[in-house]
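Colleague: Pasting a predicted model and its sequence here:
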Protein chains: 2
Amino acid sequence: MPTIKDVALHAGVSRSTVSRVMNNHPYVDEEKRRAVRVAMTELGYIPNSSAQRLRGTETRTIAVLVSRIVNPFFSAIVDAMDEIAAAHSYRLILCNTRGSASQELHFLQLLRTKQVDGIILASIVNEWAIISPFTEYGPIVLCNEYPSHAEGVAIITIDQKQAMVDATTHLIEKGYKRIAYCNVHDERSQTLFDSALATDRYSGYVETMKKAELPIESSWRFIGHSVEDGKRILNEIMKCDDRPDAILTGSDEIASGLIAEAKKNNLRIPMDLAVVGFDNQPSASLLEPQLTTVHQPTLEMGKAAMLQMLADLKSDSRSNGTQLLDAPLLIRKST
Amino acid sequence: MPTIKDVALHAGVSRSTVSRVMNNHPYVDEEKRRAVRVAMTELGYIPNSSAQRLRGTETRTIAVLVSRIVNPFFSAIVDAMDEIAAAHSYRLILCNTRGSASQELHFLQLLRTKQVDGIILASIVNEWAIISPFTEYGPIVLCNEYPSHAEGVAIITIDQKQAMVDATTHLIEKGYKRIAYCNVHDERSQTLFDSALATDRYSGYVETMKKAELPIESSWRFIGHSVEDGKRILNEIMKCDDRPDAILTGSDEIASGLIAEAKKNNLRIPMDLAVVGFDNQPSASLLEPQLTTVHQPTLEMGKAAMLQMLADLKSDSRSNGTQLLDAPLLIRKST
DNA sequence: CTGAAAGCGCTTACAG
DNA sequence: CTGAAAGCGCTTACAG
C-alpha cells in the first residue's frame, strides 16, 4: 500500500503538499498539483481513512440504525438514504439493532469515536435520555420513530395521528362499527422508550372512535409486527365471543398474515373482516384482496432525512423541528 | 472524550498497561487490571477505533456488498450474516452497489485501506480479474453470485443448475410443453462480468428441455428482475403469436409482476400460464395463487458465508472451494 | 505557495 | 509484570 510519503517522494514534493492537493486547498502551484495527481494515479494511491479520521476530519460516513433490515419499510428507507448519500459521496453504515438496547448503544458510539459523521435513527430502543447526550458528538436525525419530546434533533416522519384518523374514519364511513386495533410493537425487542409514534397513532384511533360514539374494547387490542403475528392475531380474533368486523394494523406484514390465515379459516375479507394495513409495502397491491393501507412515503422520508443530515453537517449547527410528510390512505379491496 | 492517556493517569499506570488490559493480555497484575477497569468505567472510556485501526489491528468490521438492499432476498441474506457477525462482536457495513461498477470498486477499497477485515460479495458487477487482486488485502467470500472460475475465495451458493433442472422437470411432468425462460438480470446494472450463476441456471433449463425434446424458442426468452419487469414481460407474452404455456423466472419479484398483470388480462394461472418463481421470498406463499418456487436457503447461506469469513480471518489463510446448499423446489398453486 | 514538525490515539517490540 | 519510545498515515498551524 503506497502512503502519502510514497506519493510525495514520487512527485518530488513534501507530504504537506500532497495532503493539500488531496483536500483541494487553493494555494498550490498548478504544476505541482499535476505532478501529485500523476503520482497518485501511477502509484494507485488511496488515502488511509483511519488516519484521516484520527486526524479529525470528516469520515463522509453516516450510520443508519434500523431495528430490522428485512422489513421492506426499513430497507426502502435505507435505500432512499443511500441514494442521496452516494450522490454526495457519503457512505452508509447499516446498523441492524434487532431491537437490542445494547446494540443500539454500541452503534451510537460510532459517533463518539468519530467513525461516522452523523447518525440517523429510524428505530429507537433506548430511552431518549440515554440517546440525547450523543448529540454532543455530532448530528443525529430521527426518521420515522420519535420520542415525545426531543431537543437538538430534526425529526422526519409522517403525521401518524392523522393517518390513523383517516383510516378509522374510512372504516366508519364504510359502516364498520366493531373496529379492532393492532399496535405496532415487536415483543422480542427490549424497547425501553415511550414511542410517541405508537401513542400518536393510537390516539388517532381512539379520538375518532369516541367522536363516532363507537366502542373501544380492550379485548380488541392486539400487538405485533410480523406476518406470523398477523396469523396469531387472526386466530385470537376467531376465538373472540364478540368478534370485531374490522381491524386497523400497524404494518402490511401483520395485515398479510391476517389475510393469509383468514383464507385458511374461510373468513371472507372484507365481508367478515375488513383489514387496513400500514406502510404500502410493495406486496400490498399484489395480495388478494389488494390491501387498503396507509402509504408511507419511504422514498421521500429517507431522502429528506439524509438531506437534513447533510445540511446539519454543513451548518455545524443542531437543527430542530419536525417535518411531517403526507401519508395518504390508499383504499383498495380489503375494506 | 477521554483517551488512553486519561485512563492511564486516572489508574496510575502507563498507557501500555491500559492497552494491555484492553486487549486482554495475560501478564498484567490483577490489582492494576482492576484499577484500569475502574478508571475506564468511571471515565466512560471508549477506545478510538480509528486509532486502533491505524495501528494495524483488526477492525472487527465486515463489508457486505449487495446490488439492491430492497430485494428481500438480499435483505434476508444480510440479516443472517448480521446475526452471526453480532454474535462474534463483528460489525457489518452494508454496501449497496446499485449495480454500479465504480461503487463496487469504491467499496472494495475498504479492504485495502484496512477499514474492514474482510468483504463478502453477494452480487458482483466488475469482471473477476478486477476484483481478484483485492484478495491480497484480506479475505473475500462470495455468497450467491459467482464467476466461472475464481481462485483464492470461498463460494457459498446453491446448486443453480440443479434448481432449474428440478423446476423444468416439474413443469414437463405437469404436461407443460411450451416453456419460456426469464433470465435474471438488471438491465440498469452495468454488469461487466460473466455470471456463472446465470449460465448455470440457463443450462439446467436447456439440458432438461433438450432431453425431453421440447422446443426452446428464442422468442420465449425474457430478461428482467423486478415486479415491473414481470408486468412488462406478461404483456410481451400476450402479444406472442405463439404463446408459451409456462414460464421459469429468476425471482419471485418477476413472478409477482407476472401474476398481477395476468389477473388484469384475465389470463388464468396456472391454467393459461404456469409460473415458477425463484427465491421463496416471504410474499411467495401470500400471493394468490401461491407461488411454486425454488426455495433459496437465505438464512443458511448468509450464516455459512459469515462463518466462512470468520474462519478465514482466524486461520489467516485464503480458503477455496464451493459450498453448494440445497434449494428444493416448493410446489404450490401457480403450476 | 511550501516544507518541517507536532500531534491525533492507539499498540507493540524493547529493555528492564 | 511494566514503562518509555517509536510509529501507524494523515493534517494543520507555523514559519518562511
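Modeller: Yep, it's here. Numbering: from 1, shown residues only, chains lettered A, B, ... in the order given.

Colleague: Determine if any part of whichever strand or helix holds A:Asp82 is in contact with chain B.
Modeller: Secondary structure assignment for A:Asp82, by DSSP states H and E: helix A:72-87. Yes - under the criterion of CB under 8 Å from any CB of the partner chain, helix A:72-87 makes contact with chain B via A:72, A:75-76, A:78-79, A:82-83, A:86. C-beta here means a position set from N, CA and C on the backbone, and glycine is covered the same way.

Colleague: Just list what that helix packs against, helices and strands only.
Modeller: The contact analysis (3 or more CB pairs under 8 Å, 6 or more residues apart in numbering or on different chains; DSSP states H and E) places helix A:72-87 against strand A:61-66, strand A:91-96, helix A:298-315, helix B:72-87, strand B:91-96.

Colleague: Which of those sits closest to B:Thr17?
Modeller: Closest to B:Thr17 of these, according to CB to CB: strand B:91-96, at 27.1 Å.

Colleague: Would you mind getting the angle between the closest one and helix B:72-87?
Modeller: 160 degrees (axes from the mean of the first three to the mean of the last three CA atoms, to 10 degrees).

Colleague: Any part of strand B:91-96 near chain A?
Modeller: Yes - judged by CB under 8 Å from any CB, strand B:91-96 and chain A are in contact via B:91-96.

Colleague: ok so, going back, work out the gap between the helix holding A:Asp82 and the centre of the chain.
Modeller: On the basis of CA atoms, centre = their mean, to the nearest Å, helix A:72-87 sits 9 Å off its chain's mean C-alpha point.

Colleague: what's the average pLDDT for it?
Modeller: The predicted model assigns helix A:72-87 a mean pLDDT of 94.

Colleague: how big is the angle separating that helix from strand A:61-66?
Modeller: Going by the same axes, to 10 degrees, helix A:72-87 makes 170 degrees with strand A:61-66.

Colleague: how big is the angle separating helix A:72-87 from helix A:298-315?
Modeller: 40 degrees.

Colleague: near DNA strand C too, which of the residues of helix A:72-87 next to chain B?
Modeller: The subset of the residues of helix A:72-87 next to chain B within reach of DNA strand C, by CB under 7 Å from any atom of the strand, is empty.

Colleague: Nearest to B:Ala274 among those?
Modeller: A:Pro72 (27.0 Å).

Colleague: Next one: the residue nearest to the closest one when sequence neighbours are not counted, what pLDDT does it get?
Modeller: In this structure, A:Pro72 finds its nearest non-sequential neighbour in A:Gln281, 4.4 Å apart by CB to CB, 6 or more residues apart in numbering or on different chains. pLDDT, A:Gln281: 96.

Colleague: And the closest residue to chain B within the stretch 51-200 of chain A, how far from A:Val141?
Modeller: Per CB to the nearest CB, A:Leu94 is where the stretch 51-200 of chain A lies closest to chain B, at 3.3 Å. Taking CB to CB, to the nearest Å as the measure, A:Leu94 and A:Val141 are separated by 15 Å.

Colleague: Next: A:Asn265.
Modeller: When A:Asn265 is compared with A:Val141 (using CB to CB), they lie 43 Å apart.

Colleague: Could you check which of those two is surrounded by more residues?
Modeller: A:Val141 (27 against 13; other CB atoms under 10 Å in any protein chain shown).

Colleague: The helix or strand harbouring that one: how far from the chain's middle?
Modeller: A:Val141 is part of strand A:140-143, with elements assigned from DSSP H and E. Distance of strand A:140-143 from the chain centroid (CA atoms, centre = their mean) equals 9 Å.

Colleague: Partner strands of that strand and their direction?
Modeller: strand A:118-121 (parallel), strand A:154-158 (parallel) (DSSP bridges).

Colleague: buried ones in the very next helix or strand once past the first one?
Modeller: Which is strand A:118-121. Toward the C-terminus, strand A:118-121 is succeeded by helix A:128-131 as the next helix or strand (DSSP H and E). By 16 or more other CB atoms under 10 Å in any protein chain shown, the buried positions in helix A:128-131 come out as A:128, A:130-131.

Colleague: can you give me the helices for chain A?
Modeller: For chain A, applying DSSP state H gives helices covering A:4-11, A:15-22, A:30-43, A:49-54, A:72-87, A:101-112, A:128-131, A:160-173, A:196-211, A:227-239, A:252-264, A:298-315.

Colleague: quick one, which of those helices is packed in tightest?
Modeller: helix A:252-264 (a mean of 24; mean count of other CB atoms under 10 Å in any protein chain shown).

Colleague: For the nearest residue to A:Tyr146 once chain neighbours are set aside, list the residues it contacts.
Modeller: Once flanking residues are discounted, A:Tyr146 sits nearest to A:Ile155: 4.8 Å by CB to CB, 6+ apart. Residues near A:Ile155 by CB atoms under 8 Å, 6 or more residues apart in numbering or on different chains: A:141-143, A:146, A:321-323.

Colleague: A:Gly230 contacts A:Gly224, correct?
Modeller: Yes - A:Gly230 lies in contact with A:Gly224 (CB atoms under 8 Å); the separation is 6.8 Å.

Colleague: hey, what's in contact with both of the two?
Modeller: A:Ile254.

Colleague: tally of neighbours for A:Ile119?
Modeller: For A:Ile119, using other CB under 10 Å, the count is 26.

Colleague: Please name the residues that touch it.
Modeller: A:62-65, A:107-108, A:110-111, A:134, A:138-141.

Colleague: In the stretch 201-335 of chain A, what residue comes closest to chain B?
Modeller: Nearest residue of the stretch 201-335 of chain A to chain B: A:Glu288, at 3.9 Å (CB to the nearest CB).

Colleague: Need the nearest residue in space to that residue, chain neighbours excluded.
Modeller: B:Glu288 (3.9 Å).

Colleague: Around DNA strand C, pick out the residues from chain A.
Modeller: A:13-17, A:20, A:26-29, A:32, A:51, A:54-56.

Colleague: Taking the centroid of chain A, which residue is nearest it?
Modeller: A:Ala122 (3.1 Å; CA atoms, centre = their mean).

Colleague: And the contacts of A:Ile155, which is the shakiest by pLDDT?
Modeller: Across the set of these, A:Gly321 stands lowest in pLDDT, at 89.

Colleague: Quick check: closest non-adjacent residue to that one.
Modeller: Using CB to CB, 6+ apart, the nearest residue to A:Gly321 is A:Ala154, at 6.0 Å.

Colleague: Please name the bridge partners of the one you found.
Modeller: A:Val141.

Colleague: pretty sure it contacts A:Gln323?
Modeller: Yes - taking contacts as CB under 8 Å, A:Ala154 lies within contact range of A:Gln323: 6.9 Å.

Colleague: neighbour count winner among the two?
Modeller: Ranked by neighbour count (other CB under 10 Å), A:Ala154 and A:Gln323 place A:Ala154 first, with 23 against 17.

Colleague: who touches the more buried one in this structure?
Modeller: A:141-142, A:308, A:312, A:319-323.

Colleague: Repeat the analysis, applying 7 Å as the threshold.
Modeller: A:141, A:308, A:319-321, A:323 (CB atoms under 7 Å, 6 or more residues apart in numbering or on different chains).

Colleague: Mind putting these into JSON lines with distance to DNA strand D?
Modeller: Formatted as JSON lines, the contacts of A:Ala154 follow (distance: CB to the nearest atom of the strand, whole Å):
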{"residue": "A:Val141", "distance to DNA strand D": "24"}
{"residue": "A:Gln308", "distance to DNA strand D": "24"}
{"residue": "A:Ser319", "distance to DNA strand D": "24"}
{"residue": "A:Asn320", "distance to DNA strand D": "28"}
{"residue": "A:Gly321", "distance to DNA strand D": "30"}
{"residue": "A:Gln323", "distance to DNA strand D": "32"}
